[in-house]
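In: Following is a predicted model, sequence given first.
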Amino acid sequence: MAFRPRKRFGQHFLRDRNVIERILAAFDPRPGDSVVEIGPGQGALTLPLLDRLGRLHVIELDRDLAAEIPHLCAGRGEVEVHPADALRFDFAGLAAGRRLRIIGNLPYNISTPLLFHLLEQADAIEDMLFMVQKEVGERLAAPPGGRDYGRLSVMIQWRFEVERLFDVGPGSFSPPPRVDSTVVRLRPRAADDCLVRDAQRLSRLVQAAFAQRRKTLRNSLRGLASVEQMARAGIDPDRRAETLSPREFVRLSDEVIAPAGTGV
């Protein structure tokens, strides 16, 4: 399928057969899995996935590409094309009680908002394996205390286990991007490991804390969490956001909602 990549969609088509095989080996698709590919592009992953699965869902925003996928996959298996924006797609609705395995070479310009969108539907997800910009992969897996650790790190690590698998250079794509890429795996944590009283409150706290990350928590969270609430949660108000682990943010969020001794 001859197709000119479109800059507005952030299209960089994967070409390297060795990288494709490494991705497939890491993902390990098996018949019976409910698999969704985001951004199939020209089918570099789509066709070998179909060969292993027999059936596949794909989400493609570019309607010209979406129209070509059934022809590309003819005789290889059953592919259901969803010509839609992954940022607005109802993954939980598609799952319909099952858990999805999601894979994709994500356009760099949507990877972070897409990860937050998927975070909201984590209960419908079995696991995810994505190619992302190397910088995003570093932020996803960053431990507390470093410059790469931020809002994305906290919110994703609160809900998912993150594993960086391997890096991929620009030459593996057409056209080559100007940055390196990395392949990451995300698996939802067990329910008991990510309990929080109010996920929206947690998100607001984390966003506010990192919006002014050079400030101490007593200043960045003014109006959202008092010094007394921080103390009851075991958090020094003179710490900065990047020093708190996801569990500490959860503890603070829960204290703001239901202070110690209330019985709530």
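Out: Good, I have the coordinates.
In: drop to CA atoms for contacts and neighbour counts, all remaining ones
Out: Fine.
In: all helices for the stretch 1-150 of the chain, in order.
Out: Using DSSP state H, counting those that start in this stretch, the helices found in the stretch 1-150 of the chain span residues 17-27, 46-53, 63-72, 91-95, 111-119, 134-141.
In: do you know how far Trp158 is from Ala141?
Out: Remark: distance between Trp158 and Ala141 (C-alpha to C-alpha, to the nearest Å) = 11 Å.
In: again, but for Asn109
Out: 19 Å.
In: more neighbours, these two?
Out: A direct count of neighbours by other C-alpha atoms under 10 Å for Asn109 and Ala141 places Ala141 higher, at 21 against 14.
In: Next one: the more buried one from Phe160, what distance?
Out: 10 Å.
In: which residues of the stretch 151-264 of the chain score low on pLDDT?
Out: Low-confidence segments of the stretch 151-264 of the chain, defined by pLDDT under 70: 258-264.
In: Hmm, Arg15 is touching Pro175, no?
Out: No: checked against C-alpha atoms under 8 Å, the pair Arg15 and Pro175 is beyond contact range at 9.6 Å.
In: contacting residues around the most centrally placed residue in the chain?
Out: Centroid check for the chain by C-alpha atoms, centre = their mean gives Leu115 as the closest residue, at 3.1 Å. Leu115 makes contacts with Ile156, as judged by C-alpha atoms under 8 Å, 6 or more residues apart in numbering.
In: Next one: it, what pLDDT does it get?
Out: Note on Leu115: pLDDT of 98.
In: how many other residues sit next to Asn18?
Out: 10.
In: now it: how far from Leu24?
Out: For Asn18 relative to Leu24 (C-alpha to C-alpha), the value is 10 Å.
In: cool, and Leu61?
Out: For Leu61, the distance to Leu24 - C-alpha to C-alpha - is 23 Å.
In: give the contact list for Leu202.
Out: Residues counted as contacts of Leu202 (C-alpha under 8 Å, 6+ apart) are Val196, Phe249, Val250, Ser253.
In: Take those residues and keep only those in helices.
Out: Using DSSP state H, the members of the contacts of Leu202 that fall in helices are Phe249, Val250, Ser253.
In: hang on, isn't the first one packed against Val206?
Out: What it means is Phe249. Yes: shown here, Phe249 and Val206 form a contact pair, counting by C-alpha under 8 Å, at 7.2 Å.
In: Could I get the ones in helices among the contacts of Leu202 in CSV, plus columns for distance to Asp127?
Out: Shown next, in CSV, are these (distance: C-alpha to C-alpha, whole Å):
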residue, distance to Asp127
Phe249, 24
Val250, 23
Ser253, 26
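In: out of those residues, which are buried?
Out: Those of the ones in helices among the contacts of Leu202 that meet the buried threshold are Phe249, Val250, Ser253, by 16 or more other C-alpha atoms under 10 Å.
In: Could you check how far the nearest residue to Val136 once chain neighbours are set aside is from Val206?
Out: With C-alpha to C-alpha, 6 or more residues apart in numbering as the criterion, Val136 has its nearest non-adjacent residue at 7.5 Å, and that residue is Thr112. Thr112 sits 15 Å away from Val206, going by C-alpha to C-alpha.
In: Settle it for me: which of the two has more neighbours?
Out: Using other C-alpha under 10 Å, the more surrounded residue of Thr112 and Val206 is Val206, with 23 against 17.
In: show me the contacts for the more buried one.
Out: Listed by C-alpha under 8 Å, 6+ apart, the contact set of Val206 reads Arg151, Val154, Met155, Ala241, Phe249.
In: what two of the residues you listed are the furthest from one another?
Out: Met155 and Ala241 (12.8 Å; C-alpha to C-alpha).
In: between these two, which one's more packed in?
Out: In this view Met155 and Ala241 are compared by other C-alpha under 10 Å, and Ala241 has more residues nearby, 30 against 22.
In: In contact with the more buried one, which residues are there?
Out: Counted by C-alpha under 8 Å, 6+ apart, Ala241 has contacts Gly150, Val206, Ala209, Phe210, Arg213, Thr216, Leu217.
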